[in-house]
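Participant: 3D model of this:
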Amino acid sequence: MARTSVRFVCTNCGAVSQAWTGRCAQCGEWNTLQEEVVTDVGRKHNAPVSSLVIESVIKLTVRDQPRLSSGLKDLDIILGGGLVPGSVVLIAGQPGIGKSTLLLQIAAAVADSVPVLYVSGEESAHQIAIRARRVNARQAELKLATSVIADDIASAIASQKYRLVIVDSIQTVTSNGLMSAAGTISQITGSTQLIMAAAKQSNTAVIIVGHVTKEGMIAGPKVLEHVVDVVLQLEGEALAGFKVLRAIKNRFGSTTEAAIFEMAESGLRAVTNPSAALLEERKITDGSVVLATLEGSRPLLVEVQALVNRTSYGYPKRAASGMDLNRVNLLVAMLERRTKLRLNDQDIYINIVGGIRLQDPAADLAICMAIGSAAKGLKLKANAVVFGEVGLSGEIRRVPFIDKRVSEAKKLGFDLVIGPAQPKSQNQGDYVGVSDVRSALNQFLEKEA
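Facilitator: Purely as a prediction, here's the structure:
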């Protein structure tokens, strides 16, 4: 008979404990141990052992299979040229950001040429049909199923009837061999491995939807990200602004690429000129600086806003939207130490316009210039773009792809580009290099006319 037992699994690192303790012994996190009921069906020692299938590398390299186009050019670039047969892709994002809409668009585009199965464990068939009408997904090769049983989904994948299978989402799927509830670590791990094994054996491309925690991390054990081939993160504001799709892990391409989308009536669509759209409603005033950043290998101009006010509390408040607050605090401390700005009694608020979240170190100089501009009531020189990494000594360090940033600024009509100092042979007519933050503040901030 099957034996049942209870164990406690850490939701942060996946460590298993036989007794509940307030703190995980492996990762040190508090209150992350979750109770699970495990059924041990035993192992048959007399089961036949199958031999390994061994093939020559030369034959495998010759036997190349074409990739499946997702129907979205920017997404194909992120994937390295399209969906690889037999690959498992995990896509995650905040609730309501557009994951299901994006996947239904992909399913419809792929179904123009090959059979596609969309499996939903969160919505009814009627709900998906409403979205399908909105994105015009009416292809005959697009099939729909509603199920939360991983064994049934794996059987459909193993049947080799479909070239692409989408599972929305893995947190709702359960395996018959496990007694724990849906969304637990054992269910997520077991269901993913079952689906992945069927995908590899049948050479079927699979896309899995994952949830995220309130901290913005992908929910579930870290092994979920390890076993899949590609991990995509859809970022941005759920109700407004641009959506940025970036690759966190990619076995078939680069992790430096990113795609920018906006939500329209007919679904997500790629933004052809995001820089112009982000700067369209910009008001030139103190505290406003244009940054030349990169999303993947794509240059992008965004507006960095700063607001500095005398605090009404015992200690100054710091807040940042679209930027790491710890990095902002570090730059504020550097400005107080290396410049004449006195910010210890000032509230400082930083905002990146358009719902873009910056991870580029080149945003340091733009943030410092915006804070200095807002604190002194000065404006940045007209038609100027800023970028550069700032060290703790106030020095401005070089960043990659300077030529791309300068070209993007030229394309949108900016006359001046302020960045890290370069050798004279590499300086261009409209590019001015600066060596430290203090020089940049003194040289390029001016009073309003």
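
Participant: Tell me, how many residues neighbour Lys161?
Facilitator: 13 (other C-beta atoms under 10 Å). Bear in mind the C-beta positions are built from the backbone N, C-alpha and C, glycine included.

Participant: can you pull out the strands in the stretch 1-150 of the chain?
Facilitator: Per DSSP state E, counting those that start in this stretch, the stretch 1-150 of the chain carries strands over the ranges 3-10, 16-17, 33-40, 88-93, 116-120, 142-146.

Participant: I'd like those strands as CSV, with mean pLDDT appended.
Facilitator: Compiled in CSV, those are given as follows (pLDDT from 0 to 100):
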stretch, mean pLDDT
strand 3-10, 77
strand 16-17, 84
strand 33-40, 72
strand 88-93, 95
strand 116-120, 96
strand 142-146, 94
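
Participant: among those, which is nearest Ile218?
Facilitator: Comparing the strands of the stretch 1-150 of the chain by their distance to Ile218 (C-beta to C-beta), the top pick is strand 88-93, with 4.6 Å.

Participant: Listing request: residues of the stretch 1-150 of the chain with sub-threshold pLDDT.
Facilitator: 1-4, 38-50, 62-64 (pLDDT under 70).

Participant: and Asp152, that's in a helix?
Facilitator: Yes: checked against DSSP: H, G, I helix; E, B strand; the rest coil, Asp152 lies within a helix.

Participant: Tell me the bridge partners for Val206.
Facilitator: Val88, Val165 (DSSP bridges).

Participant: And for Gln34?
Facilitator: Val9.

Participant: That one reaches Phe8, doesn't it?
Facilitator: Yes: taking contacts as C-beta atoms under 8 Å, Gln34 lies within contact range of Phe8: 6.6 Å.

Participant: Can you tell me which of the strands of the stretch 1-150 of the chain is nearest to Pro299?
Facilitator: So among the strands of the stretch 1-150 of the chain, strand 88-93 is nearest, using C-beta to C-beta, at 24.0 Å.

Participant: Just give me the neighbour total for the residue lying closest to Ser155 once chain neighbours are set aside.
Facilitator: Excluding its sequence neighbours, the residue lying closest to Ser155 (C-beta to C-beta, 6 or more residues apart in numbering) is Ala198, at 7.5 Å. Counted with other C-beta under 10 Å, the neighbours of Ala198 add up to 23.

Participant: quick one: secondary structure of Ala198?
Facilitator: Criterion first, three-state DSSP; result for Ala198: helix.

Participant: how close does it sit to Ser159?
Facilitator: Distance of Ala198 to Ser159, given as C-beta to C-beta, to the nearest Å: 9 Å.

Participant: How about Ala25?
Facilitator: 43 Å.

Participant: residue ranges with poor pLDDT in the stretch 301-449 of the chain?
Facilitator: 424-429, 449.

Participant: all helices for it, in order.
Facilitator: 325-338, 363-376, 402-411, 437-444 (DSSP state H, counting those that start in this stretch).

Participant: JSON lines for those helices, including mean neighbour count and distance to Glu225?
Facilitator: Output for the helices of the stretch 301-449 of the chain, formatted as JSON lines (neighbours: other C-beta atoms under 10 Å; distance: least, C-beta to C-beta, whole Å):
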{"stretch": "helix 325-338", "mean neighbour count": "16", "distance to Glu225": "24"}
{"stretch": "helix 363-376", "mean neighbour count": "26", "distance to Glu225": "26"}
{"stretch": "helix 402-411", "mean neighbour count": "18", "distance to Glu225": "30"}
{"stretch": "helix 437-444", "mean neighbour count": "19", "distance to Glu225": "38"}
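
Participant: and Ser180, which of these is closest to it?
Facilitator: helix 325-338 (36.3 Å).

Participant: How about residues contacting the closest one?
Facilitator: 318-320, 341-344, 348, 350, 364, 367-368, 371-372, 390, 392-394, 436-438 (C-beta atoms under 8 Å, 6 or more residues apart in numbering).

Participant: among the strands of the stretch 1-150 of the chain, which is nearest Asn203?
Facilitator: Taking the strands of the stretch 1-150 of the chain one by one with C-beta to C-beta, strand 88-93 is closest: 11.9 Å.

Participant: packing partners for that closest one?
Facilitator: helix 99-110, helix 185-202, strand 205-210, helix 223-227, strand 230-236 (3 or more C-beta pairs under 8 Å, 6 or more residues apart in numbering; DSSP states H and E).

Participant: For it, buried residues please.
Facilitator: Val88, Val89, Leu90, Ile91, Ala92, Gly93 (16 or more other C-beta atoms under 10 Å).

Participant: In contact with Val271: list those residues for me.
Facilitator: Per C-beta under 8 Å, 6+ apart, neighbours of Val271: Phe242, Ile260, Phe261, Glu262, Ala277.

Participant: Model confidence for it, exactly?
Facilitator: Each residue has a pLDDT score; the one for Val271 is 87.

Participant: do you know how far it is from Ala277?
Facilitator: On the measure of C-beta to C-beta, Val271 and Ala277 end up 6 Å apart.

Participant: which neighbours do those two share?
Facilitator: Phe242, Glu262.

Participant: what about Arg251, neighbour count?
Facilitator: Counted with other C-beta under 10 Å, Arg251 comes out at 12.

Participant: which residues touch it?
Facilitator: Ser87, Asp229, Val230.

Participant: what's the closest of these to Arg131?
Facilitator: Out of those, the member with the shortest distance to Arg131 (by C-beta to C-beta) is Val230, at 23.6 Å.

Participant: Show me what the longest strand anywhere in the chain is packed against.
Facilitator: In the chain, assigned by DSSP state E, the strand with the most residues is strand 298-310. Judged by 3+ C-beta pairs under 8 Å, 6+ apart, strand 298-310 is in contact with strand 258-264, helix 274-279, strand 288-295, strand 346-352, helix 363-376, helix 402-411.

Participant: That one: how far from the chain's middle?
Facilitator: 21 Å (C-alpha atoms, centre = their mean, to the nearest Å).

Participant: Partner strands of it, with direction?
Facilitator: strand 288-295 (antiparallel), strand 346-352 (antiparallel).

Participant: Rebuild these as CSV, extending it with distance to Leu380 and mean neighbour count.
Facilitator: Shown next, in CSV, are the strands paired with strand 298-310 (distance: least, C-beta to C-beta, whole Å; neighbours: other C-beta atoms under 10 Å):
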stretch, distance to Leu380, mean neighbour count
strand 288-295, 5, 25
strand 346-352, 15, 21
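
Participant: Now do the spatially most central residue of the chain against Val89, distance only.
Facilitator: Closest residue to the average C-alpha location of the chain: Gln233 at 3.0 Å, with C-alpha atoms, centre = their mean. Distance of Gln233 to Val89, given as C-beta to C-beta: 12 Å.

Participant: what does Gly287 give?
Facilitator: Gly287 is 41 Å from Val89, by C-beta to C-beta.
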